[in-house]
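Trainee: how would this look folded up:
(chains A and B)
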There are 2 protein chains.
Amino acid sequence: MIQASIITIGDELLIGQVIDTNSAWMAQELNKAGIPVIRRVAVGDEWSKIWNALDEESKHAQIVLITGGLGPTGDDITKPLLCEYFNGKLIVNEEALANVKYIFERVLNRPMIESNLKQAEVPDTCKVIQNKRGTAPGMWFEKKYRHASPEWKDLHEGFDSKQIFVSMPGIPFEMKGMMKDYVIPQLSKLFELPHIVHRTLLTAGVGESYLAEQIKDFEAALPTHIKLAYLPNYGMVRLRLSTIGFDKNFIEKEIEQQFETLQLLVKDYLVTNEDEPMEVVVGKLLAAKNKTLCTAESCTGGYIAHLLTANPGASAYYDGSVVSYSYSAKEHLLQVDHSTLQTKGAVSEEVVIQMAKGALKNIKSDYVIAVSGIMGPDGGLPDKPVGTVWVAVGNNENIIAQKLYFRFDRMRNIQLTATNALNMLRKFVLENR
Amino acid sequence: MIQASIITIGDELLIGQVIDTNSAWMAQELNKAGIPVIRRVAVGDEWSKIWNALDEESKHAQIVLITGGLGPTGDDITKPLLCEYFNGKLIVNEEALANVKYIFERVLNRPMIESNLKQAEVPDTCKVIQNKRGTAPGMWFEKKYRHASPEWKDLHEGFDSKQIFVSMPGIPFEMKGMMKDYVIPQLSKLFELPHIVHRTLLTAGVGESYLAEQIKDFEAALPTHIKLAYLPNYGMVRLRLSTIGFDKNFIEKEIEQQFETLQLLVKDYLVTNEDEPMEVVVGKLLAAKNKTLCTAESCTGGYIAHLLTANPGASAYYDGSVVSYSYSAKEHLLQVDHSTLQTKGAVSEEVVIQMAKGALKNIKSDYVIAVSGIMGPDGGLPDKPVGTVWVAVGNNENIIAQKLYFRFDRMRNIQLTATNALNMLRKFVLENR
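Mentor: Numbers count the residues shown, from 1 in each chain, chains lettered A, B, ... in the order given. You can find the predicted model right below:
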């Protein structure tokens, strides 16, 4: 089995200044191509640590993908290190040089300086991966795969067992371009790769352990080459079946049968049988019914709108939001009654229903979600502690409201409110055609 | 030097289904406490891979922190593995059992099942870290530090060189509670830790390599124990100085002097001399002037509102937003002229200025940001390709508009639009007191 390890380089990862989103994206793409990722390692901008990581990961995996550390500045030492690691010397790559010049002259419209020219230098022991989206070229190194097992050699008879190292910039947009245009296609050409199949469903309204109890016989009877995983998040649980094999038709059929059984077992809690977040489920539902949605958000501050509009094509089913953070915005944009605000408070059933009605009237959509709550850390009241939220969903005929309570930090309370409000709307739409 | 390595366990990390935010948070907290993180490793839910990671990371670092794999379901094998790794046997921890019962009875209000009771079992070779926020207890293991160097032993004379392994749940909220309440305080008690000092500033309007050229003499003259890092993001560059040492006063004074010099060198591009994102800079600026802001967002779909309201206390300076995704929302909530929309299109200087005026009038704030653009992947026009954005910022006296162009994917275009629009407002506020 061809496996990959991902090395991410940069001090910013080790002091927690930056969250590593590259590795997750790379892992997804490699999986789709039939290359399981077995380890992900992050190390700092330090010579011995990077060298050591290359040594170690090349024992774990036949493909080692490296991101980061290729900038034009002094703290980026990956390129000279790779040059030494692969016994090369730095030479100017003419195509990369032309690209650097083009980017500065045509795209950035900025003067180019010495250090930018150096970005076109690469070790003479690598194949250059041109960077269509930035100045630092990628590097592809091959060497003999020292750790190939006898079984591996049997399986790949006549194949010169190569080990691949690829170095790419840490800037996500640039790395993604190289992965899609070059790295994945090259790896697929070089190795005979298996198929990896995942099927994921999303449940709501039931805990992980209760779900496990419901499906324990199913789980026990699963063939050993099919793995079941529980992925709880935002008070919901995703279940994922995974398998790997060379006979694509067979494994797809096999996992499909198991997945259908699983769906039946959890049908009371099933939200979707695709690996997609709640906002995409809601978007698809609205699009299928040719209906539109608007929102009136107080405590979530535009997060529901953001979730919906982060998806391409959202304008087909989403009209907009009033983020009514202030009393004035609630009164002027949603016609919430001043006296209701005064007597009941912004976080109340009455106000959230008025917000929903105001949004429906002004934005003229088919459905509405309105939320008002206290996300913390401050602002709690004796009868309305931090985490109290009122949610209303509905249409022009009918609006229902529900009080929710979350006990987390501000950001998580916002996320939970958004996801649960979207789920409330989903159920409303399904029940009120 | 006491260093830490973080092991994250879970297949979901290796197939890219989940982005690891735990490690970044843990790294931040450990850094603050004087414990540099030297490696972060992610492995799947597989016995040999986890075992191997424990072996390897214990050679790299004296403190090994583990998250994930402690759920109540069958795919979570970390606890039995740790039990075997540390030669223990599983016993019921009464305090943990009481906690599981309490959470099910009082918090979740759900029936408890067999597998939940098992969560109260722990290896008898660990100290139990009680979980105040969930059902899975944490585990603290100690053993002799086999890899202590002679220098280390000299430095820590008389100290029994311990190696620490801590296992915590992968759920961020639960892990954070354990880290803050127990792990960090215990480590600080057990080891004499140095101080780590970072100073970070943010620049805008200048490229990484140009910046490096401007400060190359400063960089060359830095003492070797102070590190300079370049962190480019969203078309802006953060610069970070870092150092470590036991004499807190000395290193703070030393880094402060260097940081002041650095600020002077980049003063033309300086946004903030704190490690804070643009939206926090803008929020602080508005709060200091006792002014409020509203937004009118089309293409960013509520993302600017979300960035601002993710910060506690945002209601002091932020009133709300109209997310006018549809023409109807633009016309009804922002009084954008129907004929202007028809003749100029939604992505135009005229419309974005009308959106700004409409928001100011209806939401009644001091300042406004309005954005309208095409974020992609679809919707581009010959004269307005994907990535074209009009931004307007201003107040009741004056509104200025600017056309921007981004060439990335939808999410990144949204982020870049938001950050650049906030920066435009920041400059407007500074120039128009």
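Trainee: so what's A:Y405 closest to, chain neighbours aside?
Mentor: Leaving aside its sequence neighbours, A:Y405 sits nearest to A:G387 (CB to CB, 6 or more residues apart in numbering or on different chains; 5.3 Å). Glycine gets a C-beta too; all of them are placed from N, C-alpha and C.
Trainee: Report the contact partners of that neighbour.
Mentor: A:G387 makes contact with A:373-376, A:380, A:405-408, A:413, according to CB atoms under 8 Å, 6 or more residues apart in numbering or on different chains.
Trainee: export those residues to CSV and tack on secondary structure and neighbour count?
Mentor: Below are the contacts of A:G387 laid out as CSV (DSSP: H, G, I helix; E, B strand; the rest coil; neighbours: other CB atoms under 10 Å in any protein chain shown):
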residue, secondary structure, neighbour count
A:G373, strand, 27
A:I374, coil, 23
A:M375, coil, 29
A:G376, coil, 22
A:G380, coil, 13
A:Y405, strand, 13
A:F406, coil, 22
A:R407, coil, 14
A:F408, coil, 18
A:N413, helix, 25
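Trainee: can you list those residues in a markdown table and add pLDDT?
Mentor: Shown next, in a markdown table, are the contacts of A:G387 (pLDDT from 0 to 100):
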| residue | pLDDT |
| --- | --- |
| A:G373 | 96 |
| A:I374 | 95 |
| A:M375 | 95 |
| A:G376 | 91 |
| A:G380 | 90 |
| A:Y405 | 92 |
| A:F406 | 89 |
| A:R407 | 82 |
| A:F408 | 81 |
| A:N413 | 92 |
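Trainee: closest to chain B among those?
Mentor: For the contacts of A:G387, the minimum distance to chain B (CB to the nearest CB) is 5.3 Å, reached by A:F408.
Trainee: Wait, A:K162 touches A:K143, no?
Mentor: Yes: using CB atoms under 8 Å, A:K162 makes contact with A:K143 at a distance of 7.3 Å.
Trainee: pull the CA atoms of stretch A:415-425 into PDB?
Mentor: Once non-C-alpha atoms are left out, stretch A:415-425 reads as follows in PDB (Å, rounded to 0.1, in the frame of the first residue of the first chain):
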ATOM      1  CA  GLN A 415     -21.600  28.000  16.100                       C
ATOM      2  CA  LEU A 416     -24.100  25.900  18.000                       C
ATOM      3  CA  THR A 417     -26.800  28.500  17.800                       C
ATOM      4  CA  ALA A 418     -26.300  28.700  14.000                       C
ATOM      5  CA  THR A 419     -26.300  24.900  13.400                       C
ATOM      6  CA  ASN A 420     -29.300  24.300  15.600                       C
ATOM      7  CA  ALA A 421     -31.300  27.100  14.100                       C
ATOM      8  CA  LEU A 422     -30.600  25.800  10.600                       C
ATOM      9  CA  ASN A 423     -31.700  22.400  11.800                       C
ATOM     10  CA  MET A 424     -34.900  23.800  13.200                       C
ATOM     11  CA  LEU A 425     -35.600  25.500   9.900                       C
END
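Trainee: Straight-line length of stretch A:298-306, end to end?
Mentor: With CA to CA, to the nearest Å as the measure, the first residue of stretch A:298-306 is 14 Å from its last.
Trainee: Report the rounded mean pLDDT for it.
Mentor: Confidence over stretch A:298-306, taken as the mean pLDDT, stands at 97.
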